[in-house]
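> Need the 3D shape of this:
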Amino acid sequence: MVVGAAVLGARWLPALIVTVALASPGAEPWIAPWLGNVARHEVTIDGIETDVYVRSNASPRAALVFVHGLSVTGRRHPDLMRLARLLAAAGPAVIVPHFEGLAAFRLSGREVADVGRALRHARTVAPTVGIAGFSFGAGPALLAAADADLELAASFGGYADLRNIIVFIATGAHEYAGAQYQHAPEPYNRWKLAALLVPFLDDDREMLTAITTARLANPATDTRAQERALGPEGHAVLALVRASTESDVRRRLAELPPRAQTALDALSPVAAVARLRARLVIAHGTDDPSIPFTESLRLAAASGRTQAVILGGFHHTGAAHVPRAAIDAWRLVALVDNVIRLR
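Numbering: from 1, shown residues only. Okay, here's the model as predicted:
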């Protein structure tokens, strides 16, 4: 029994250590001796600035590519850097490219090809490769993974269908399997949505970019003069992001130009997950204000072979309510274990 307990403890110890460090940053200095030293190297992959985290004095057996979300700091977001370092200390090398489009709050479709380049580079780092996409980066990650030979594909806080995200951002409404949910919409996210739609337009790109850039920097900025100069496509986007009811959003979605409609379909991974050959991990927080957890349920159902791990009390980037999050502690440890045991 003692031997069995020791074996069981050794089996889960790395995941437990990483989970404790993630959940309690203040505890990291105390558990540092249990973690390996990690070096961060900067490389360029076909013009993409990339950070590679590797445990010191070790030859990685696996490499995990991170795809960050909509963030101006991109690969250098403090939480993402910390996660990469902790995972690399316990297991695979972690490769974190900087995706300019995502850093500029945009999805153009180019990200999928860029992720593919990062995956090919990962093959030069280690024989086994996996990918983890976060938030809006999970879409391109899953789309690229569907056409690659990977061991692991993970979506954390990701989406299934961009049209559902647009409805959610504008109204706070989301649903799954007949259940209806309502979340208080965040006005700032409307301007993220407007920026997201810019690459899908044929006209008004420059003016709409200026408007969204100003509003993202300061939502109170008066952009009425620029808005009056917009053409039909620009006005259609603004009408969409300012719509307040689900029926109005759906109607205005249908009025977007054909190029935008095609892009929304192409960048929605719901149809691609069934083609994945990799082991699939999907997780989401119930309190996510940017992408609703029902999108991860939809992704898991579309895959036909996994279940989404829904963490109560977790928002977009971490725990929001410690007592509720504690209920999910074991599931969080299991998630970490699933990733660091990439072989």
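> Give me the buried positions along stretch 85-105.
85-105 (16 or more other C-beta atoms under 10 Å). From N, CA and C alone the C-beta is placed, and that goes for glycine too.
> er, stretch 116-126 I mean
For stretch 116-126, by 16+ other C-beta under 10 Å, it's 116-119, 121-122, 125-126.
> Spell out which helix or strand contains Ala15, please.
helix 2-23 (DSSP states H and E).
> Show the average pLDDT along that helix.
Average pLDDT, helix 2-23: 60.
> do the same with stretch 311-324
Rounded mean pLDDT across stretch 311-324 is 58.
> Do a quick rundown of the helices in the stretch 1-150 of the chain.
Here the stretch 1-150 of the chain has its helices, by DSSP state H, counting those that start in this stretch, at 2-23, 28-31, 78-90, 100-103, 110-125, 138-145.
> most tightly surrounded among those?
Each of the helices of the stretch 1-150 of the chain was scored by mean neighbour count; the highest is helix 138-145, a mean of 29, by mean count of other C-beta atoms under 10 Å.
> For Gly133, give its distance to Phe200.
Distance of Gly133 to Phe200, computed by C-beta to C-beta, to the nearest Å: 20 Å.
> neighbour-wise, which of those two wins?
Between Gly133 and Phe200, counted using other C-beta atoms under 10 Å, Gly133 has the larger neighbour count: 28 against 25.
> how about the nearest residue to the more buried one once chain neighbours are set aside, what does it touch?
Once flanking residues are discounted, Gly133 sits nearest to Ala141: 2.7 Å by C-beta to C-beta, 6 or more residues apart in numbering. Counting by C-beta atoms under 8 Å, 6 or more residues apart in numbering, Ala141 makes contact with 65, 67, 115, 131-133, 153, 155, 158.
> pLDDT score for Asp287?
pLDDT, Asp287: 84.
> since we're on it, how many residues are nearby?
Neighbours of Asp287 using other C-beta under 10 Å come to 18.
> what about it, which SS state?
coil (DSSP: H, G, I helix; E, B strand; the rest coil).
> Distance check, it against Gly312.
8 Å.
> same deal with Arg275?
31 Å.
> repeat for Val237
Val237 is 35 Å from Gly312, by C-beta to C-beta.
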